[in-house]
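> Need coordinates for the below:
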Amino acid sequence: MMNELSRDLSYAKEKVQYDAQCKQVLSQKEILAWILQRTVEEFTDMTVEEIIPYIEGKPEISAVRVYPGESNGEKISGMTNEDKVTEEGAVYYDIRFYVYIPGSKEQIKMIVNVEAQKSFYPGYYIVTRGIYYGARMISAQIGREFSIPDYDKMKKVYSIWLCMNAPKYIGNAISLYHTTKEDLLPGLPDIQNSYDKISVVIIALNEEVDSEDVFINMMNTLLSTKKTYKEKKEALENDFHIKMTNELGKEMNIMCNLSDLVEEKGIEKGKREIAKKLLQLNMGSDEKIIEATGISMENLKLIKKELESSK
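Next up is the predicted model:
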């Protein structure tokens with residue numbers, strides 16, 4: 001059992017490292033600028049190069065807790081490193097950063113939260129979680145960005161969700177959820193910036209489904225689990241004109257290597273599970289099981305020992 005447990009823990013460790021590295025790649029300013037250009041209306045008429053300078057500082061990666069509480073006493077000196085409420089679990093934003101809205105008379109900060117989800121339906125609707133994250137980012141502004149009753153200084157927030165491996169019936173898609181005004185009885189003036197404070201964007205990705213959208217194709221290339229580092233690098237540089245800086249190239253290379261390692265360990269783990277089930281059901285000789293699963297005789301003996309010790 002310990003051999004099996006250590007293997008599972010090793011696989012989980014590599015997977016966690018891959019997930020963390022994926023966030024490192026997504027947090028590169030040129031990639032974030034692509035995301036902002038395609039999903040945030042304030043940047044749709046700008047080029048990627050023009051957007052980059054509006055991204056403030058270094059994006060925080062898994063450093064900010066979703067649940068704000070007593071730490072709200074910190075003033076407007078940037079983003080807090082920890083938000084929590086007593087008796088609530090610690091959940092972290094994947095990536096969070098400030099951007100300045102172009103064209104405004106004063107520099108206004110807009111908080112953007114990007115989450116990378118590998119499952120389109122992880123047991124809840126992602127848009128619902130996105131609304132919750134956005135609401136927490138707004139409530140965390142009290143005492144930092146504005147003080148009650150000066151609500152007009154509240155900053156707009158975006159919660160952007162990248163959903164990899166979307167099912168084929170969805171394919172590649174982008175949806176925006178935001179607040180709009182509907183007149184049940186006309187008369188009130190429409191002051192959009194007074195209520196347009198929270199937007200949730202869901203980006204569904206499936207590299208096996210063809211798309212004519214340049215942004216979608218870029219993201220599917222960047223996050224592909226099938227393309228090698230060399231293939232990704234060439235496509236990003238030649239097809240999408242992304243400058244492969246030392247930082248982006250290094251982070252992407254690490255991500256690709258980890259992806260290969262996770263896939264190898266995942267395949268090996270799957271083979272072991274099949275072999276274990278065949279042994280438990282007494283289906284076939286050792287030779288047949290080795291032929292069917294491709295595992296070694298040494299591994300088969302280890303599985304037998306684990307099954308014996310678990311009885």
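> Just the helices from the stretch 201-311 of the chain, written as ranges.
Residue ranges of the helices in the stretch 201-311 of the chain, as given by DSSP state H, counting those that start in this stretch, are 214-222, 229-238, 246-280, 286-293, 297-309.
> would JSON lines of these with mean neighbour count be doable?
From N, CA and C alone the C-beta is placed, and that goes for glycine too. Written out in JSON lines, the entries for the helices of the stretch 201-311 of the chain read as follows (neighbours: other C-beta atoms under 10 Å):
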{"stretch": "helix 214-222", "mean neighbour count": "20"}
{"stretch": "helix 229-238", "mean neighbour count": "15"}
{"stretch": "helix 246-280", "mean neighbour count": "16"}
{"stretch": "helix 286-293", "mean neighbour count": "14"}
{"stretch": "helix 297-309", "mean neighbour count": "14"}
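> Just tell me which of those helices ends up closest to Glu56.
helix 246-280 (17.4 Å; C-beta to C-beta).
> Which residues does stretch 166-174 contact?
Stretch 166-174 is contacted from outside by 38-39, 120, 201-206, 208-209, 211, 213, 216, 220, using C-beta atoms under 8 Å, 6 or more residues apart in numbering.
> rank the helices of the stretch 201-311 of the chain by mean pLDDT and give me the bottom one.
Within these, the least confident segment by mean pLDDT turns out to be helix 246-280, at a mean of 66.
> pLDDT below threshold where in the protein?
1-19, 62-92, 105-108, 246, 257-273, 295, 299, 309-311 (pLDDT under 70).
> So which residue is smack in the middle of it?
Averaging the C-alpha coordinates of the chain gives a centre point, and the residue nearest to it by C-alpha atoms, centre = their mean is Ala116 (1.2 Å).
> was I right about that one contacting Ala20?
No. Taking C-beta atoms under 8 Å as the contact criterion, Ala116 and Ala20 are not neighbours in contact, 10.3 Å apart.
> thinking again about what came up before, out of the contacts of stretch 166-174, which is nearest to Trp161?
Scanning those for proximity to Trp161, where the rule is C-beta to C-beta, the winner is Ile202, at 4.9 Å.
> what about that closest one, neighbour count?
Other residues near Ile202 come to 24 when the count uses other C-beta atoms under 10 Å.
> ok, now how distant is it from Glu30?
22 Å (C-beta to C-beta, to the nearest Å).
> Would you map the strands across this structure?
Secondary structure of the chain by DSSP state E: the strands cover 55-65, 92-100, 109-117, 157-163, 173-178, 198-204.
> The residue nearest to the centre of the chain - nearest residue in space that isn't next to it in sequence?
Distances taken as C-beta to C-beta, 6 or more residues apart in numbering put Leu162 closest to Ala116, at 4.8 Å, once the chain neighbours are dropped.
> One more: Ala275?
Taking C-beta to C-beta, 6+ apart, and ignoring the residues beside it in sequence, Ala275 has Thr293 as its nearest neighbour in space, at 4.7 Å.
> distance of Leu236 from Lys227?
Using C-beta to C-beta, one gets 10 Å for the distance from Leu236 to Lys227.
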